[in-house]
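Student: sequence first, predicted model second:
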Amino acid sequence: MNKQTPRVFIAATRQNEGKTTTSLGLTSVLLDHYPRIGYIKPVGQRFVEVDEQKIDEDIILMDRVYHLQCPLLDMSPIAIEPDFTRRYLQASNYEALAEKINKAFDRVAWEKDFVLCEGSGHAGVGSVFDLSNARVAKLLNAKVVIVTQGGIGKPIDEVCLNHALFEKEGVEVVGVILNKVLPEKLEFINEFARKGLRRQGLELLGVLPHQPILSSPTLDVIREELPAEPMNDSRQGGNLVEEVVVGAMSVQQALRFFRRGVLVIVPGDREDIVLAAATTLFGRGTDGLAGIVLTDGQRPSPSVMRVIDALPFPVLLAQQDSYRVASRVHNLTVKTRPSDTAKIDVIRDLIARYVELPRLLKSL
């Protein structure tokens, strides 16, 4: 296996802590030092079909943003399908899986100056089929950066728990990045988290302030996740949802929420609210609502549909009731997509400004 090409393994203390955000931003700043970068996510859990192959969705993101010139199948060698664990426990094939990861890494690293490796969840994820993140980092002969949530006590406790498993596998953790820290607490967290981590023999490499845009879904994402039917031909599917309002109120009360970034969820028979939105926001273009979701599968009357057709923002129709729609939107895991150019620009800037890249590179 290739042991010469520099590499780093991005891990986390749990899912959705910011591994992909960190990987996306790090790749951007690393390109200033290493012109040819490879990327691999050895074990993936969320995948899409590409040419009849299962490819982790984060691979698609990285490849489309940076055009890394790596074979997609090698960037995503193992996809955890629903029955993967059962099949593994029935007939263990660890050696074959380990060899598949190593060969995939060799092909990704071919003629590259640096390889960025991304894990999946906390250090123990994958242990049930003998490919925990700690074990995979060991296979790849990679040092580790752990990404965790903002704070002091709980994040450091969780980092130490994960650090112990990496140490057990003989893997070095070179530093920690704290993500989603409230901007007003940035200096405080930076000072005391650094002290707390050093007491555990770990370095703080960066503290990233919380950016609401990164956790805000677009109307296109909500449409796909519900799923919902488009009721008009709006081209503003990329509108960000910053606030959700359930229209269980009078029209006069609803008027207070008609502003940019708001998603209104309302039963399909509340035509009064739809008409009020149309009247109030007429001519405001992209400064209007993020969108409207009509619920209960109730289609508006033909006269109201003509009004909806003229609205600039998306109007969607969902089959579930308003409570279930609001709950699904609230619980939505927001993943960055290749089309989210504004989010990607924010991520690049975050990593460039707040991660101590020279210290990271020196540790590798």
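Tutor: Thanks, I have the structure now. Residues are numbered from 1 along each chain as shown.

Student: how about the host helix or strand of R324: buried residues?
Tutor: If you go by DSSP states H and E, R324 is part of helix 322-330. By neighbour count on 16 or more other C-beta atoms under 10 Å, the buried set for helix 322-330 is S322, V325, A326, V329. Heads up, the C-betas are built off the backbone N, CA and C, glycines and all.

Student: for stretch 67-77, same thing?
Tutor: L68, C70, L73, D74, M75, S76, P77.

Student: which secondary structure elements does the host helix or strand of the fourth one contact?
Tutor: Right, the one you point to is D74. In this structure, D74 sits in helix 72-75 according to DSSP H and E. Applying 3 or more C-beta pairs under 8 Å, 6 or more residues apart in numbering; DSSP states H and E, one finds that helix 72-75 makes contact with strand 37-40, strand 53-56, helix 57-66, helix 94-109.

Student: how far is the lowest-mean-pLDDT helix or strand in the chain from where the chain is centred?
Tutor: Of all helical and strand segments in the chain, the minimum by mean pLDDT, DSSP states H and E falls on strand 47-50, at a mean of 80. Remark: strand 47-50 is offset 17 Å from the chain centroid, using C-alpha atoms, centre = their mean, to the nearest Å.

Student: same deal with stretch 208-224?
Tutor: 9 Å.

Student: looking at the protein, which residue lies furthest from center?
Tutor: S303 (40.5 Å; C-alpha atoms, centre = their mean).

Student: distance of it from L294?
Tutor: 15 Å (C-beta to C-beta, to the nearest Å).

Student: over to Y88?
Tutor: From Y88 to L294 the distance is 45 Å (C-beta to C-beta).

Student: what about the two, which has more around it?
Tutor: L294 (30 against 17; other C-beta atoms under 10 Å).

Student: run a quick neighbour tally on the closest residue to the more buried one other than its chain neighbours.
Tutor: The shortest distance from L294 to any non-neighbouring residue, by C-beta to C-beta, 6 or more residues apart in numbering, is to G268 (4.1 Å). A total of 19 residues lie near G268 under the criterion other C-beta under 10 Å.

Student: G268 contacts D296, correct?
Tutor: Yes. The criterion here is C-beta atoms under 8 Å, and G268 meets it with D296 at 5.6 Å.

Student: the helix holding R324: what's the following helix or strand?
Tutor: helix 341-354.

Student: and V355, what is it in contact with?
Tutor: The contact partners of V355, by C-beta atoms under 8 Å, 6 or more residues apart in numbering, come to T22, G25, L26, V29, I177, L205, G206, L208.

Student: export the buried residues of stretch 67-77 to TSV and tack on pLDDT and distance to R107?
Tutor: TSV is the format used below for these (pLDDT from 0 to 100; distance: C-beta to C-beta, whole Å):
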residue	pLDDT	distance to R107
L68	93	12
C70	94	8
L73	94	9
D74	96	4
M75	96	9
S76	94	12
P77	95	9
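
Student: need those residues in TSV with distance to G261, can you?
Tutor: Output for these, formatted as TSV (distance: C-beta to C-beta, whole Å):
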residue	distance to G261
L68	34
C70	37
L73	39
D74	40
M75	35
S76	34
P77	40
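
Student: and the longest strand anywhere in the chain, what does it pack against?
Tutor: In the chain, assigned by DSSP state E, the strand with the most residues is strand 173-181. Here strand 173-181 touches helix 19-30, strand 143-149, helix 153-168, helix 186-198, strand 204-209, helix 357-363, going by 3+ C-beta pairs under 8 Å, 6+ apart.

Student: what about the protein, any weak spots by pLDDT?
Tutor: Counting by pLDDT under 70, the chain shows low-confidence ranges at 281-287.

Student: how about a cut-off of 80?
Tutor: Residue ranges of the chain with pLDDT under 80: 49, 51-52, 280-288.

Student: break it down into its domains, please.
Tutor: 7-212+337-363, 217-330 (automatic domain parsing).

Student: first vs last residue of the longest one, how far apart are they?
Tutor: Translated: domain 7-212+337-363. 11 Å (C-alpha to C-alpha, to the nearest Å).
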